[in-house]
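Undergrad: pasting a predicted model and its sequence here:
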Amino acid sequence: MVLETVKPAQGKIRWTGVLFLLVTAVAGFVGAPVYLWHHGLSAVEAGLFLLYATATMMAITAGYHRLYAHAAFKAHPVVEGFVLFFGAAAFEQSALRWASLHRTHHRYVDTDRDPYNIRRGFIYAHMGWIMSGKPSVDYGNAADLQRNKLVMFQHRHYRLLAVGAGLVLPLAVGAATGHFVGTLLLGIAARLALVHHCTFFINSFAHSFGTAQYDPSSSAKDNWVGAFLTNGEGYHNYHHRFPSDYRNGIRWYHWDPTKWLIWSLAQIRLVRDLNRTPLEKITEARTQTQASRAAGKRAA
């Protein structure tokens, strides 16, 4: 199947996306601090926020991104169930749609076919592409995922799962423990706003600031600040050069909690077949980059 051009619906505003991002941001970044000032923080509210923020962020970085978009490892159905449940709770679309769009991004990075093309500006790559209309998706680049029954179940029932996992369940816990409002503001609004913007930084910050040691032709950059903001995804130039590697930060000191989680799960045999780029290929890429820059300086 031919992969169609991503069309970002120029000139249109997707008001549902605008309102969702605006409401969660205001409620989370303004309402939650006001609530905390007047009521303090309970153990239940803190626990729900930390649990959901960690679980949904990891579901995106380790699951949607490295597992499904790049097949960097294989996972036990228990892990896939966790990823698909909390991935839905992140309100970032189904794993199938997310992975398909991300594969398109890698294939056509920095071109008009890139759904979150940084050449159209930082804000566009960060969240403007979401607010300006849904890009069309041809799932022909995700035939492997369409054969995955768990992925397809989540895709078909995404809205129900998102509402149930991301709203109903935490609110039920909050209501049962007498912390409904705190859960609404912290466990849902603040958590969603934080996870969304940290995830969005992968498309914006990680394509704007840092170094390019492995592929100087790409806008993707390696930056430890970006890595800290995105659970390790900020070593992005390396990732764009070697997308199937389960690691983004390849040094032991690189901040990459997603890598550490995947490695830990492998030790208890919940994931397997971790892809690691051979050292000689990494060295070759760095050498080619250095040679290219040296040649450019001589020509100048």
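TA: Yes, it's here.

Undergrad: which of the residues in the biggest helix by length in the chain are buried?
TA: What stands out as the longest helix in the chain, according to DSSP state H, is helix 279-299. Across helix 279-299, burial judged by 16 or more other CB atoms under 10 Å covers 282, 285, 289. In short, each C-beta sits where N, CA and C put it, glycine included.

Undergrad: again, but for stretch 40-50
TA: Of the residues in stretch 40-50, 42, 44, 45, 48, 49 count as buried by neighbour count, 16+ other CB under 10 Å.

Undergrad: what are the phi and psi values at the first one?
TA: Residue 42 has phi and psi values of phi -90, psi 160 when expressed as degrees, to the nearest 10.

Undergrad: and it, what does it touch?
TA: Going by CB atoms under 8 Å, 6 or more residues apart in numbering, residue 42 touches 177, 179, 182.

Undergrad: JSON lines for those, including pLDDT?
TA: Formatted as JSON lines, the contacts of residue 42 follow (pLDDT from 0 to 100):
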{"residue": "177", "pLDDT": "96"}
{"residue": "179", "pLDDT": "96"}
{"residue": "182", "pLDDT": "96"}
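
Undergrad: filter these down to the ones in helices?
TA: Per DSSP H, the subset of those in helices is residue 182.

Undergrad: of the contacts of residue 42, closest to residue 189?
TA: Ranked by distance to residue 189 (CB to CB), the contacts of residue 42 are led by residue 182 at 10.6 Å.

Undergrad: my read is that the closest one contacts residue 174, right?
TA: Yes - contact criterion CB atoms under 8 Å: residue 182 and residue 174 qualify, at 6.7 Å.

Undergrad: so what sits against both of the two?
TA: Counting by CB under 8 Å, 6+ apart, the shared contacts of residue 182 and residue 174 are 44, 45.

Undergrad: export the buried residues of stretch 40-50 to JSON lines and append columns for secondary structure.
TA: Shown next, in JSON lines, are the buried residues of stretch 40-50 (DSSP: H, G, I helix; E, B strand; the rest coil):
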{"residue": "42", "secondary structure": "coil"}
{"residue": "44", "secondary structure": "helix"}
{"residue": "45", "secondary structure": "helix"}
{"residue": "48", "secondary structure": "helix"}
{"residue": "49", "secondary structure": "helix"}
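
Undergrad: can you pick out the most distant pair from those?
TA: It's 42 and 49 that sit farthest apart of these, by CB to CB, at 10.5 Å.

Undergrad: please enumerate the strands of the protein.
TA: Secondary structure of the chain (DSSP state E): strands at 74-75, 271-272.

Undergrad: sheet partners, orientation included, of the first one?
TA: Pointing back at strand 74-75 there. strand 271-272 (antiparallel) (DSSP bridges).

Undergrad: just the CA coordinates for the helix or strand of the chain with the lowest mean pLDDT, please, in CSV.
TA: Least confident helix or strand of the chain, by mean pLDDT, DSSP states H and E, is helix 279-299 with a mean of 83. What follows is helix 279-299, C-alpha atoms only, in CSV (Å, rounded to 0.1, in the frame of the first residue of the first chain):
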residue,chain,number,x,y,z
LEU,A,279,29.4,-0.3,18.6
GLU,A,280,31.2,-0.3,15.2
LYS,A,281,28.2,1.2,13.5
ILE,A,282,27.9,3.9,16.2
THR,A,283,31.6,4.7,15.8
GLU,A,284,31.3,4.8,12.0
ALA,A,285,28.4,7.3,12.2
ARG,A,286,30.3,9.6,14.5
THR,A,287,33.4,9.4,12.3
GLN,A,288,31.4,10.2,9.2
THR,A,289,29.8,13.2,10.9
GLN,A,290,33.3,14.5,12.0
ALA,A,291,34.7,14.0,8.5
SER,A,292,31.7,15.8,6.9
ARG,A,293,32.1,18.8,9.2
ALA,A,294,35.9,18.9,8.6
ALA,A,295,35.3,18.9,4.9
GLY,A,296,32.8,21.7,5.2
LYS,A,297,35.2,23.8,7.1
ARG,A,298,37.9,23.3,4.5
ALA,A,299,35.5,24.2,1.7
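
Undergrad: make a markdown table out of the strands of the chain and add mean neighbour count.
TA: Below are the strands of the chain laid out as a markdown table (neighbours: other CB atoms under 10 Å):
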| stretch | mean neighbour count |
| --- | --- |
| strand 74-75 | 18 |
| strand 271-272 | 17 |
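
Undergrad: switch those strands over to a markdown table; also include mean pLDDT and distance to residue 253.
TA: A markdown table is the format used below for the strands of the chain (pLDDT from 0 to 100; distance: least, CB to CB, whole Å):
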| stretch | mean pLDDT | distance to residue 253 |
| --- | --- | --- |
| strand 74-75 | 98 | 27 |
| strand 271-272 | 98 | 23 |
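
Undergrad: adding distance to residue 14, write these out as a markdown table.
TA: What follows is those, written out as a markdown table (distance: least, CB to CB, whole Å):
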| stretch | distance to residue 14 |
| --- | --- |
| strand 74-75 | 32 |
| strand 271-272 | 35 |
